[in-house]
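Q: fold the following.
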Amino acid sequence: MPARSGDLVRVHYKGTLADGTIFDSSEGREPLEFTLGQGMVIPGFDAAVTGLDVGSSVVKTIPANEAYGPMREEMVLRVPRTEFPADMPLEEGMPLQLQGPGGDIMAHVAEFDDESVVIDANHPLAGEDLTFSITLESIGSKLII
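A: Sure thing, here's the model as predicted:
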């Protein structure tokens, strides 16, 4: 019986970027477990698993708009270096937790120099089309709401 919305599924997967770089994989770990149709994974991944039979595999390229969305320039800010403590060591890619009007926002240092720091609050995979190799390992109990 194929996987349907509300099914608890377990999958093994490998995610790659357009250049072949692996950005995530379940290799060497337990399969990823989630309930289809509940927004627990990106929409394109959910859609790729829906309809699979146990033991079936699929390779699916998920466009950015069905993954982490487009890169949004308004989420990239250049701030004066003086806004950071003088003794704070900065590194490109360094995670930052910012206070926003709606709560905490995760961001990272995109670049910096002596004058300014560029902070990027986009998801690291925003703007990327993602290719997943997915194998459905099992279908468990249905979610009861």
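
Q: surely Asn65 is within a helix?
A: Yes - assessed with DSSP: H, G, I helix; E, B strand; the rest coil, Asn65 lies in a helix.

Q: distance of it relative to Ile42?
A: Asn65 sits 10 Å away from Ile42, going by CB to CB, to the nearest Å. (C-beta placed from N, C-alpha, C; glycine too.)

Q: looking at these two, which one has more neighbours?
A: Ile42 (19 against 12; other CB atoms under 10 Å).

Q: quick check: the more buried one touching Ala67?
A: Yes - shown here, Ile42 and Ala67 form a contact pair, counting by CB atoms under 8 Å, at 4.9 Å.

Q: now list whatever residues contact both of the two.
A: Leu130 (CB atoms under 8 Å, 6 or more residues apart in numbering).

Q: regarding this protein, what is its longest strand?
A: Using DSSP state E, we find that the single longest strand of the chain is strand 130-142.

Q: can you tell me which helices and strands that one packs against?
A: Packing partners of strand 130-142 (3 or more CB pairs under 8 Å, 6 or more residues apart in numbering; DSSP states H and E): strand 7-16, helix 43-49, strand 57-62.
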